[in-house]
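> Show me how the following folds:
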Amino acid sequence: GNEARLLEVKNLKEYFTVRKNDKLHAVDDVSFYLNAGETFGVVGESGCGKSTLGKVIVRLLEPTAGDVLFRGESVVGVRGAKYLEQCKKIQLIFQDPYSSLNPHKTIRQILAEAYQVHGLKDKAALENKINELIKSTGLEEYVLDRYPHELDGGRRQLVGIARALSLEPELIVCDEPVSSLDVSIQATIINLLMEVQKKRNVAYLFISHDISVVKHISHRIAVMYLGQIVELADTETMFERTMHPYSISLLSAVPRVSFESKKARLVLTGDVPSPINPGDGCRFASRCWMADARCKKECPALREVEPGHVVACHYADRSQSEKEAYLQKLAMAEDVQAAETI
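Have a look, this model is predicted:
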């Protein structure tokens, strides 16, 4: 039923005008929904529009067209008290915690700010709230009297998470929240986010180019390419029955630990078309190994190939074996190259 839907994004477009009449299609007709307590991963190469999508949802940008509904009500163009109320419910964790924390304030002041904006005046109550926040994110108390530059990247990001949690939001947009941190800290942060989700039933829109992180944390995943969703499915389906040629190439790049399954890494050739006035055909056609004349002429619609699994590809139904054979051929070519280099 729709009542569980926390967020619905409908035909969202975000175009930027560059030079006289050229439009850069950053987000181009994107639709999806997100349930309460769910993590929805958005993955794609840099420049595919995923961060712009996040910014529109948290109202840092107004969309060119389309709608964003939160609990059934549009957030687009909302002002005043209602806007503040929505802000409480939808928070953002930035990629770079350093640039999003005020360097002139201590961590205590930074964490107090949201409460003060929303009218918490009582000193003792404020102090309690801040201490609870610090505990829930596993930060030490001494951190409160430090300035952002005195902390390492991991602790700064924990402060960013604490700040996002401070108003007990229902949805947090996580924009590449771990990409600037080293791997050991990434795991800590991801596990913390998952723990918080269990306790508070908060939903995440998790934006990242790192597929293994998205796979670990997400219930469902959307793959974006040049401003459009090209494939969307629950995590298991996405990895077991990948259908879009771009998703296949993207997922083939996930480092694997086992040595038996030697799956090829697809290296895409061809140029990424410009997001400025992208033309009529499929945006992936110039780099796709299945593309033909039809793909260059007509843009494939996003269609449901099996329940809950949507793909924008004219040839999504091409037998899995055909794709496997293609990957096999690649693997052999790779082996031959490897043998030659030895």
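
> When you work out contacts or count neighbours from here on, use the C-alpha atoms and nothing else.
Will do.

> Contact partners for residue 47?
Contacts for residue 47 (Cα atoms under 8 Å, 6 or more residues apart in numbering) come out as 26, 226.

> ditto for residue 213
Residue 213 neighbours (Cα under 8 Å, 6+ apart): residue 190.

> Let me know the helix or strand that it is in.
Here residue 213 sits within helix 211-217, counting by DSSP states H and E.

> residues of that helix that come out buried?
Using 16 or more other Cα atoms under 10 Å as the test for burial, helix 211-217 gives 211, 213, 214, 215, 217.

> my guess is the last one meets residue 39, correct?
Yes: taking contacts as Cα atoms under 8 Å, residue 217 lies within contact range of residue 39: 6.9 Å.

> what's the burial count for residue 314?
Other residues near residue 314 come to 20 when the count uses other Cα atoms under 10 Å.

> Check residue 168 too.
Under the neighbour criterion other Cα under 10 Å, residue 168 is assigned a count of 15.

> hang on, it in a helix?
No: looking at residue 168 with DSSP: H, G, I helix; E, B strand; the rest coil, it is coil, so not inside a helix.

> Roughly how far does it sit from residue 312?
36 Å (Cα to Cα, to the nearest Å).

> what does residue 283 give?
Distance, residue 283 to residue 312, using Cα to Cα: 10 Å.

> what's the answer for residue 296, then?
Applying Cα to Cα, the value for residue 296 to residue 312 is 14 Å.

> Between those two, tell me which one has more neighbours.
Taking other Cα under 10 Å, residue 296 and residue 312 do not tie; residue 312 has more neighbours (22 against 17).

> So for the more buried one, what's the pLDDT?
Looking at residue 312, its pLDDT is 94.

> What pLDDT does the model give the residue most central in space within the chain?
Centroid-nearest residue in the chain: residue 207, 1.5 Å away (criterion: Cα atoms, centre = their mean). As predicted, residue 207 sits at a pLDDT of 95.

> Is it bridged to anything, and to what?
Residue 207 has these beta-bridge partners by DSSP bridges: residue 42, residue 175.

> just for the chain, where's the confidence low?
1-3, 253-272, 319-320, 327, 330-331, 333-342 (pLDDT under 70).

> Going by residue numbers, what spans are helices in it?
Applying DSSP state H to the chain gives helices spanning 50-57, 80-89, 97-100, 107-117, 123-136, 153-165, 183-200, 211-217, 235-240, 245-251, 293-297, 320-341.

> Those helices into JSON lines, with extra columns for distance to residue 64?
Formatted as JSON lines, the helices of the chain follow (distance: least, Cα to Cα, whole Å):
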{"stretch": "helix 50-57", "distance to residue 64": "10"}
{"stretch": "helix 80-89", "distance to residue 64": "19"}
{"stretch": "helix 97-100", "distance to residue 64": "26"}
{"stretch": "helix 107-117", "distance to residue 64": "29"}
{"stretch": "helix 123-136", "distance to residue 64": "37"}
{"stretch": "helix 153-165", "distance to residue 64": "27"}
{"stretch": "helix 183-200", "distance to residue 64": "32"}
{"stretch": "helix 211-217", "distance to residue 64": "28"}
{"stretch": "helix 235-240", "distance to residue 64": "30"}
{"stretch": "helix 245-251", "distance to residue 64": "26"}
{"stretch": "helix 293-297", "distance to residue 64": "25"}
{"stretch": "helix 320-341", "distance to residue 64": "37"}
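
> Residue 147: which of those is closest?
Residue 147 sits nearest to helix 107-117 of all the helices of the chain, at 6.0 Å, using Cα to Cα.

> Specify the angle between that closest one and helix 153-165 in degrees.
Compare the direction of helix 107-117 with that of helix 153-165 by axes from the mean of the first three to the mean of the last three Cα atoms, to 10 degrees and you get 20 degrees.

> List of residues touching helix 107-117?
Applying Cα under 8 Å, 6+ apart, the external contacts of helix 107-117 come out as 101-102, 126, 130, 143-148, 159, 162-163, 166-167.

> Mind doing that once more with 10 Å?
Helix 107-117 is contacted from outside by 84, 88, 101-106, 119-123, 126-127, 129-131, 133-134, 141-148, 151, 156, 159-160, 162-167, using Cα atoms under 10 Å, 6 or more residues apart in numbering.

> Only whichever of the residues you listed are buried, select them in ChimeraX.
The following ChimeraX line selects those of the contacts of helix 107-117 that are buried, judged by 16+ other Cα under 10 Å:
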select :88,101,106,126,129,130,131,133,134,143,144,147,148,156,159,160,162,163,164,165,166,167
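
> Would you list the phi and psi of residue 279?
Torsion angles at residue 279 (phi, psi; degrees, to the nearest 10) stand at phi 90, psi -180.

> Assess the claim that it and residue 298 are in contact.
Yes: using Cα atoms under 10 Å, residue 279 is in contact with residue 298, at 9.4 Å.

> Pull out the buried positions in stretch 64-84.
By neighbour count on 16+ other Cα under 10 Å, the buried set for stretch 64-84 is 65, 66, 67, 68, 69, 70, 71, 75, 76.

> Let me fix that, I meant to ask about stretch 280-300.
Buried residues in stretch 280-300 (16+ other Cα under 10 Å): 281-288, 291, 295-296, 299-300.
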